[in-house]
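**Student:** I need the structure of the sequence given here:
(chains A and B)
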Amino acid sequence: MYPLSPSRRRATMLGIALLTSSTLLLTGCGRAAEDGGAAGGDATTVDEKPATGTIEIWTQGADGAELPQMFDEFKKDNPDVEINMTQVPEAEFASKMTAAITAGTVPDLIYAFTETQSSLIATGGFDAVPEKLVDPDDFFEVIWDNSVYDDVAYGVPWYAYANMQIIRTDLAEKAGAEVPTDWDSLRTFAEKLKDAGTEYPLALDSSYDAYTARQLLAFSVQNGGGFISDDLSTWTINSEENVEALEFLSSLKTDGLASSDGPAFLDTVPWTSSGKNAEIVDGGPWFISWFDDANGAGWSDEHLTLAPMPTGPDGDAATTVGGGSWMVPSDSENKDGAWKFARFMSEPSSQVKWFEIFKNMPAVKAAWEDPALADNRVLETVEKGLESGVNLPKVSTWTQVGTVIGEQMEKVVRGGASAQEALDAAQAQAESIGMGD
Amino acid sequence: MTTTTSATRTVVTPGTPARRPRGVRKAHEGSRAETTTAWLFLAPFLVIFLLFTGVPAVLAIGASLTDMSARDIRDPLNVNFTGFDGFAAIIGNPGFQSAFLNTVLFVVLCVPISMGLGLALALMLNNGIRRLKTFFRAAAYIPVITNIVAAAVIWQYAFSITGPVNSVLGSLGLPEPNWLGDPGWAITTVVAMGVWRTTGTCMILFLAGLQAVPEEIYEAAATDGAGPWRRLWSITLPLLRPTTLLVTVLQTVSFLNIFEEPYLLTKGGPLGSTKSIALWVYEQFGFGNVSASMAGSVLLLVLVGVVAIVQFRILRPKH
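**Tutor:** Next up is the predicted model:
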């Protein structure tokens, strides 16, 4: 043992004192009566006057890069407003936002993707949407509902999308394969293309996280299953329907019809462009313009067939949907300006403008009547998908449970576990994680 | 923490009055003025340390003893005190256990390999290579100063299934492993990147140590007929003992905390095979499990402290 020098002894005492006092502090303050976690702030009213001051916006994902074009539109009617935008990497957004809420150094406005809305709202760090700011009935129900928590809305939907099958027309024709409409024909399609020389006919999610779980959810619902009971009280991850869905999905990979290793999100377009994949199953509509960006204008129209997701064995349709909603942190210093920008972004004309800029589908139904959106095959496919849209489990622990499901799916594909074993394990872990309340 | 442990024993510690433990040499008997000056010099460090390390560490320890989660972040005192329940829970958590074993594996593989390579490079640069010494020294050190994110992007591309590494292997008729998708190969790749990134640091430290070894001892040994291996074994390595201790502790601590390599290369996959404790802690924080992530980081801190103290005791100079 080292003999303790006086200075070290003092330091030790100081440490013990600090620990004890902080412990006492904490024991003294037990959790008060349940205040429902999500009581973020009071709904205020927002008037029709132009916005003023500075609005700090944090963005995530690819949407942010193009957003400043909308700032210019907004400033036409709100000349005295200043907008500062910070782009945050999507993977870090939740952590950074959590830290900001803790520290009280929040931006005035953010948009959150459907996947993370529940956990962000559960922090209690966001304001409810002011009354009469917008009319809920103007929006697609599936996307409005996603930010409603205990009957209070926390987000103004910005855009919505539904995934689809994106198929290489030329490769399918060469292989004599028809556009898949259900599980059986999806498999037949893949087998024919494999025979015709496509290395991995289908592109499936291979990140083995909450996004992979989301893909399984679509197939589970097509088979009559789902991850959570309707009243959000019980996890139903290892139901028979889900196990069958996972068996179907993972067999596509283990039989070599899809790769276990990719494409990673940003490899999706290159892999399908080069013919390594012939179909993006459950692909987002944004990919279509990315193909044109990568291969030249008009490439998509010439090479790609779009189709709604296949239906399950009993003909049930289910589609992954998502989108983004504007949310205002409770510690924002310019809530008025923030909500005004959110309201501006949900006006049909802004929704159409944004579609023209970024090809994000309007979340506002009226915007779909605009001639700019008529006769567009992408939109027709998305609209069909939105009708059979599946919401993610609306609990704050979804990201964690989804990650657990994704990890278990990897065990089926790479580790030789059975679908039943994997989902039993995921169910057990999900039960111990709970619903977050 | 551990560096101060040794400093107390050998170097004068500011604020230490005349009363010393028995057996410790009265080396420098600083006057009051000198002590004050020393404290003044230390003040900037102390302020920054307390503000950005000390206070957060105490708060983290506090949070690890509660059931705090993301829903409490706006009202952090409105939580229940749960004592060591959180620690018990994560020690029993299979995800944490596997992260612990992965971390141990990284340390056991990375520390000896990087130190061995670093020492070999240092010996070569000190004795062997005559020309282009500066060039080789710089080349070996470049990975240390390269931005890790940029490096990881290149590694990820190079080691992807269809990447340049496999193209080269394929054209030579060798097997093309799934570097980042197969658990065994993913560990190998992460270890390789960890070694690549830290060998330069080991080399620089060993070089400094080697240059402190007096040339006369070698000359005397050569006169006595000792060959190069004998001189390495009987002179160089024993005299490098303090440097070896320092490098061992620095490398072990840095690999116990390994985060960037697995986070950037593999996200901890495949099948969780490269998930380190630090990455597990980070994930828990992202899930909103504040108390679990704090308990995990406290355990990691304890682990680092214990391992460093043990190493100092085993490797400290023998009298």
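
**Student:** how about the residue nearest in space to the middle of chain B, what does it touch?
**Tutor:** The centroid of chain B falls nearest to residue B:254 when counting by Cα atoms, centre = their mean (1.7 Å). Counting by Cβ atoms under 8 Å, 6 or more residues apart in numbering or on different chains, residue B:254 makes contact with residue B:198. Every C-beta, even on glycine, is put in place using the N, C-alpha and C of the backbone.

**Student:** low pLDDT regions in the stretch 1-150 of chain B?
**Tutor:** The model of the stretch 1-150 of chain B has pLDDT under 70 over residues B:1-30, B:128.

**Student:** which secondary structure elements does the helix or strand where residue B:219 lies contact?
**Tutor:** For residue B:219, the element it lies in under DSSP states H and E is helix B:215-223. Applying 3 or more Cβ pairs under 8 Å, 6 or more residues apart in numbering or on different chains; DSSP states H and E, one finds that helix B:215-223 contacts helix B:228-231.

**Student:** Just the residues contacting the helix it packs on, thanks.
**Tutor:** Helix B:228-231 is contacted from outside by B:218, B:221, B:222, using Cβ under 8 Å, 6+ apart.

**Student:** So stretch A:135-151, near chain B or not?
**Tutor:** No. Residues of stretch A:135-151 contacting chain B under Cβ under 8 Å from any Cβ of the partner chain: none, with a closest distance of 11.5 Å.

**Student:** Export only the CA atoms of that stretch, formatted as CSV.
**Tutor:** Included here for stretch A:135-151 are C-alpha records, laid out as CSV according to Å, rounded to 0.1, in the frame of the first residue of the first chain:
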residue,chain,number,x,y,z
ASP,A,135,-55.9,22.3,-38.6
PRO,A,136,-55.1,18.7,-37.8
ASP,A,137,-57.6,17.5,-40.5
ASP,A,138,-55.5,19.1,-43.2
PHE,A,139,-52.8,16.5,-42.7
PHE,A,140,-52.5,12.8,-43.4
GLU,A,141,-53.7,11.1,-40.2
VAL,A,142,-50.8,8.6,-40.1
ILE,A,143,-48.3,11.4,-39.9
TRP,A,144,-50.2,13.8,-37.6
ASP,A,145,-50.8,11.0,-35.1
ASN,A,146,-47.2,10.2,-34.9
SER,A,147,-46.4,13.3,-32.8
VAL,A,148,-49.5,13.1,-30.7
TYR,A,149,-48.8,11.9,-27.1
ASP,A,150,-51.5,11.5,-24.5
ASP,A,151,-53.9,13.4,-26.8
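
**Student:** how about the strands of chain B, start to end?
**Tutor:** With DSSP state E as the definition, chain B shows no strands.

**Student:** Skip the chain neighbours and tell me the closest residue to whatever residue of the stretch 151-300 of chain A ends up closest to chain B.
**Tutor:** In the stretch 151-300 of chain A, the residue that lies nearest chain B is residue A:261 (4.2 Å; Cβ to the nearest Cβ). Leaving aside its sequence neighbours, residue A:261 sits nearest to residue B:181 (Cβ to Cβ, 6 or more residues apart in numbering or on different chains; 4.2 Å).

**Student:** again, but for residue A:219
**Tutor:** The shortest distance from residue A:219 to any non-neighbouring residue, by Cβ to Cβ, 6+ apart, is to residue A:245 (4.1 Å).

**Student:** Relative to residue A:109, how far out is residue B:73?
**Tutor:** Separation of residue B:73 from residue A:109 (Cβ to Cβ, to the nearest Å): 19 Å.

**Student:** quick one, which of these two is more surrounded?
**Tutor:** Comparing residue B:73 with residue A:109 by other Cβ atoms under 10 Å in any protein chain shown, the one with more neighbours is residue A:109, at 27 against 19.

**Student:** which residues does the more buried one bridge with?
**Tutor:** residue A:57 (DSSP bridges).

**Student:** That one is in contact with residue A:340, isn't it?
**Tutor:** No. The criterion here is Cβ atoms under 8 Å, and residue A:109 misses it with residue A:340 at 9.8 Å.

**Student:** Put the alpha carbons of stretch B:208-222 into PDB.
**Tutor:** Provided in PDB are the C-alpha atoms of stretch B:208-222 (Å, rounded to 0.1, in the frame of the first residue of the first chain):
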ATOM      1  CA  ALA B 208      13.000   9.400 -26.400                       C
ATOM      2  CA  GLY B 209      13.700   6.600 -24.000                       C
ATOM      3  CA  LEU B 210      16.400   5.100 -26.200                       C
ATOM      4  CA  GLN B 211      18.200   8.400 -26.700                       C
ATOM      5  CA  ALA B 212      18.600   8.700 -22.900                       C
ATOM      6  CA  VAL B 213      20.600   5.500 -22.800                       C
ATOM      7  CA  PRO B 214      24.300   6.500 -22.700                       C
ATOM      8  CA  GLU B 215      26.300   5.300 -25.700                       C
ATOM      9  CA  GLU B 216      29.300   4.400 -23.400                       C
ATOM     10  CA  ILE B 217      27.400   1.400 -21.900                       C
ATOM     11  CA  TYR B 218      27.000  -0.100 -25.400                       C
ATOM     12  CA  GLU B 219      30.600   0.500 -26.200                       C
ATOM     13  CA  ALA B 220      31.700  -1.100 -22.900                       C
ATOM     14  CA  ALA B 221      29.400  -4.100 -23.600                       C
ATOM     15  CA  ALA B 222      30.700  -4.400 -27.200                       C
END
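
**Student:** Buried ones in that stretch, by neighbour count?
**Tutor:** The neighbour-count check on stretch B:208-222 (16 or more other Cβ atoms under 10 Å in any protein chain shown) flags B:209, B:210, B:213, B:218 as buried.

**Student:** go on, stretch B:234-253?
**Tutor:** So for stretch B:234-253, counting by 16+ other Cβ under 10 Å, buried means B:235-236, B:239-240, B:243-253.

**Student:** Out of the residues you listed, flag the one nearest to residue A:69.
**Tutor:** For these, the minimum distance to residue A:69 (Cβ to Cβ) is 48.4 Å, reached by residue B:253.

**Student:** Would you confirm that that closest one contacts residue B:304?
**Tutor:** Yes. With contact defined as Cβ under 8 Å, residue B:253 and residue B:304 form a contacting pair (5.4 Å).

**Student:** can you list the residues of the stretch 251-400 of chain A near chain B?
**Tutor:** Applying Cβ under 8 Å from any Cβ, we find that the stretch 251-400 of chain A lies next to chain B at A:260, A:261, A:262, A:330, A:396, A:397, A:399, A:400.

**Student:** Surely residue A:237 touches residue A:428?
**Tutor:** No. Look at residue A:237 against residue A:428 with Cβ under 8 Å: they stay out of range, at 9.2 Å.

**Student:** Angles on the backbone of the closest residue to residue A:256 other than its chain neighbours, please.
**Tutor:** Sequence neighbours aside, residue A:194 is the residue nearest to residue A:256 in space, at 6.9 Å (criterion: Cβ to Cβ, 6+ apart). Phi and psi for residue A:194, reported as degrees, to the nearest 10, are phi -60, psi -50.

**Student:** I'd like to know how many residues surround residue A:194.
**Tutor:** There are 18 residues near residue A:194, going by other Cβ under 10 Å.

**Student:** how about it, what does it touch?
**Tutor:** Applying Cβ under 8 Å, 6+ apart, the residues near residue A:194 are A:201, A:256, A:257.
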